[in-house]
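Enquirer: What follows is a predicted structure for the sequence shown.
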Amino acid sequence: MQSVLGAAAVLALVAGCGTGRTSNSAASVGDWKAPKAVSDALKKEGEVQVILHDNSSSSVQAQLYAAVLRAFGGNVKIATVNDYPSTFAILSKAKNQVDPEMWTGSAPDLVKKYIKDDKTVDMFEVSDVDKTAAEGWYVPTYVIKGDPARGIKPSCPGLPDWRALNKCVDVFKTPDSGGKGRYLSGAKSWEPAYGDNERIKNLKLNYKVAFAGSEAALQAEWTRAEEQGKPILALMWSPHYLTSKYSLTKIKFPPYTPDCWGPGKSYACDWGPLNIDKLTSRNFRGDYPAAAQVLDNYNLDGKQLGEMMTQMVDSGKTADQVVADWMKKNPSVWQAWSKGADK
């Protein structure tokens, strides 16, 4: 976990990277003008800083909320912060921060500390995206069922039952996995959120965790395996480009309980409820009522988010470019998010 000071320094840089490329210019909205009362209210409130995690879904959500605020006349900057502990620390110490997409189900300890106990971070209503959200260890479905059209035979038909994993170590081992099966995660900084090493130890799995290094690198590994029809056992989630394009199957671990998930616990279970929440600095609703009302109104469903992530990959565009395209095609959707922000 980064220190609060280190996290604040990250925020001060206001630097974007990867799929979420920072853009502080307003998206083109043609001749449309925001209601003057909304624009005046946002300008009076001053700068809002939007936190972006360097993955495709967060990039889209952060860039879209920021672009809409700018279109309504607000002053917005974006900061890339890659790990959840730093995000909560930033939100708790600042006044004007917003995180439009936080997978709170992956960080129950942070939710308990900052939101429930300390009350230094505020949570807005759950996004529609979470109604179909999923996350965990995945394999291509052809690993279990095969794919006759491609001449692929099942290589681990006992899955998705987790107990079949140790019978399929040879299927998933790689030259650098030391004779064990390989489970591939994303960035090493994500490790505290998932407890993979604890899960492996406590379920007595003969596997080793490897890290692709980033979401883009993880996605590249998945794509390579799928295109070649090779087995892979790796982290994935939905909504995501890959779960939209390919048939993936989630490993079924023992049922989740609060007692198994969190720092110092076993993680010998499946992921818990995957609420995707909007988080803000404490009393953001009172200090920035117009921006908060836009955040309340702002919403995407899994299909809308998935389509934008797919466009990012297929077209090679960055999140801010995809967001600009979406805003041009869906003016009635995002313009309605200004409702009530003039008070």
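Expert: Happy to help now that I have it. Numbers count the residues shown, from 1 in each chain.

Enquirer: Only C-alpha atoms from now on, for both contacts and neighbour counts.
Expert: OK.

Enquirer: Residue 205: neighbour count?
Expert: Using other Cα atoms under 10 Å, residue 205 has 19 other residues around it.

Enquirer: again, but for residue 43
Expert: As a burial measure, residue 43 scores 17 neighbours (other Cα under 10 Å).

Enquirer: Please identify the helix or strand for the closest residue to it other than its chain neighbours.
Expert: Spatial nearest neighbour of residue 43, excluding adjacent residues (Cα to Cα, 6 or more residues apart in numbering): residue 74 at 5.5 Å. For residue 74, there is no helix or strand it lies in under DSSP states H and E.

Enquirer: any idea how far residue 74 lies from residue 137?
Expert: For residue 74, the distance to residue 137 equals 40 Å [Cα to Cα, to the nearest Å].

Enquirer: mind showing which ranges of the protein have poor pLDDT?
Expert: Residues of the chain meeting the criterion pLDDT under 70: 1-30, 126-132.

Enquirer: Grab the longest helix from it for me.
Expert: When the chain is scanned for its longest helix (criterion: DSSP state H), the result is helix 56-71.

Enquirer: Downstream of that helix, the next helix or strand is which one?
Expert: Once helix 56-71 ends, the next helix or strand along the chain (criterion: DSSP H and E) is strand 76-80.

Enquirer: Parallel or antiparallel, which strands does that next one pair with?
Expert: Partner strands and pairing direction for strand 76-80 (DSSP bridges) are strand 48-52 (parallel).

Enquirer: got the contact list for residue 36?
Expert: By Cα atoms under 8 Å, 6 or more residues apart in numbering, no residues touch residue 36.

Enquirer: picking up where we left off before, can you name every helix or strand that the longest helix of the chain contacts?
Expert: If you count contacts as 3 or more Cα pairs under 8 Å, 6 or more residues apart in numbering; DSSP states H and E, helix 56-71 packs onto strand 48-52, strand 76-80, strand 97-103, helix 289-297, helix 302-315, helix 319-329.

Enquirer: Distance-wise, check residue 53 relative to residue 309.
Expert: Residue 53 is 14 Å from residue 309, by Cα to Cα.

Enquirer: for residue 165, same thing?
Expert: Distance from residue 165 to residue 309, counting by Cα to Cα: 31 Å.

Enquirer: of the two, who's got more company?
Expert: residue 309 (28 against 21).

Enquirer: Quick check: the more buried one touching residue 56?
Expert: Yes - with contact defined as Cα atoms under 8 Å, residue 309 counts as touching residue 56 (6.2 Å).

Enquirer: what is in contact with the two at once?
Expert: With Cα under 8 Å, 6+ apart as the test, residue 309 and residue 56 both reach 240, 319.

Enquirer: which element follows the helix or strand containing residue 144 toward the C-terminus?
Expert: Using DSSP H and E, the element containing residue 144 is helix 141-145. Following helix 141-145 in sequence order, the next helix or strand is helix 169-172 (DSSP H and E).

Enquirer: Following the chain past that next one, name the next helix or strand.
Expert: Past helix 169-172, the next helix or strand by DSSP H and E is strand 181-185.

Enquirer: mind checking how far that following strand is from the chain centre?
Expert: 20 Å (Cα atoms, centre = their mean, to the nearest Å).

Enquirer: which residues make contact with the following helix or strand past it from outside it?
Expert: Downstream of strand 181-185, the next assigned helix or strand under DSSP H and E is helix 191-194. For helix 191-194, contacts defined as Cα under 8 Å, 6+ apart pick out 84, 106, 107, 263, 267.

Enquirer: Repeat that for stretch 106-113.
Expert: Contacts for stretch 106-113 (Cα under 8 Å, 6+ apart): 84-85, 88, 104, 119, 193-194, 261-263, 271-272, 274.

Enquirer: In ChimeraX, how would I select the buried members of these?
Expert: To isolate the buried members of these in ChimeraX, using 16 or more other Cα atoms under 10 Å:
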select :84,85,88,104,119,193,194,261,262,263,271,272,274
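
Enquirer: Of the contacts of stretch 106-113, which belong to helices?
Expert: 84, 85, 88, 193, 194.

Enquirer: closest to residue 343 among those residues?
Expert: The shortest approach to residue 343 among those belongs to residue 88, at 28.6 Å (Cα to Cα).

Enquirer: In contact with the closest one: list those residues for me.
Expert: The contact partners of residue 88, by Cα under 8 Å, 6+ apart, come to 110, 114, 121.

Enquirer: Thank you, goodbye.
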